[in-house]
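Asker: okay, sequence plus prediction incoming.
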Amino acid sequence: MYSGEAALFASKITENAELRPLEPWQAAEFLAHVDKARANIEPYIPWAEVVVDEEKARDFLERYAKRQAADEGRIYGIWLDGELVGGLLFRTFEAAWGSCEIGVWLSAEAEGHGLITRAAQQLVDWAIGTRGMTRVEWRCVPANTRSVAVAQRLGMTLEGTLRQAFPYRGELHDVQVWSILSDEWPHRAWA
């Protein structure tokens, strides 16, 4: 078990993995994780190019702390055997509209354990069950087959593809829009 504040808000994902808030005071740990995972996440995650030193890591986490305070977004880390290996965030969180979007990332060595799927289930449960969201979105480039597979495992519906909607690294990429509605999500955390 972890000591102190880190464990205070932890949620089990598996026997040896936890989902916890990721906060500005963890900037050095976050940077070390991004540096280690950069090759795996950079093709799909634009902020991986920005988080290049501790100051920028703290700025990124502070942006999400401010968004959380304004009820407009949140960021969480996944710790496997005590090491930060990935995370999830509410990229958008529109409580008044009942809509939000989940984004995810994971280091290569943590893939294949179902961590993202299980953690995303917890976020969807919380968004729908606790916060009353009616719509949870998942967006990804079609080439990110792992992300597409998670959306499918979550039972989301592919609503369509936004053609050339994501400018990244000098190219325009398509973006798939997946979603699940509250009446489609099996009642879990709030049942």
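Answerer: Cool, got the structure.

Asker: please enumerate the helices of this structure.
Answerer: Counting by DSSP state H, the chain has helices at residues 5-8, 27-41, 54-69, 115-125, 145-153.

Asker: deepest-packed of those helices, please.
Answerer: Neighbour counts (mean count of other Cβ atoms under 10 Å) averaged over each of the helices of the chain peak at helix 115-125, with a mean of 21. (Each C-beta comes from the backbone N, C-alpha and C, glycine too.)

Asker: list the contacts for the residue positioned nearest the centre of the chain?
Answerer: The residue lying closest to the centre of the chain (Cα atoms, centre = their mean) is residue 88, at 1.8 Å. By Cβ atoms under 8 Å, 6 or more residues apart in numbering, residue 88 lies in contact with 19, 75-76, 78, 102-104, 116, 119-120, 123.

Asker: give me the distance between it and residue 108.
Answerer: To residue 108, residue 88 is 17 Å away according to Cβ to Cβ, to the nearest Å.

Asker: now swap in residue 101 and tell me
Answerer: 24 Å.

Asker: neighbour count: the two, which is higher?
Answerer: Counting neighbours by other Cβ atoms under 10 Å for residue 101 and for residue 108 shows that residue 101 has the greater number, 20 against 12.

Asker: so the more buried one bridges to which residues?
Answerer: According to DSSP bridges, the residues that bridge with residue 101 are residue 92, residue 137.
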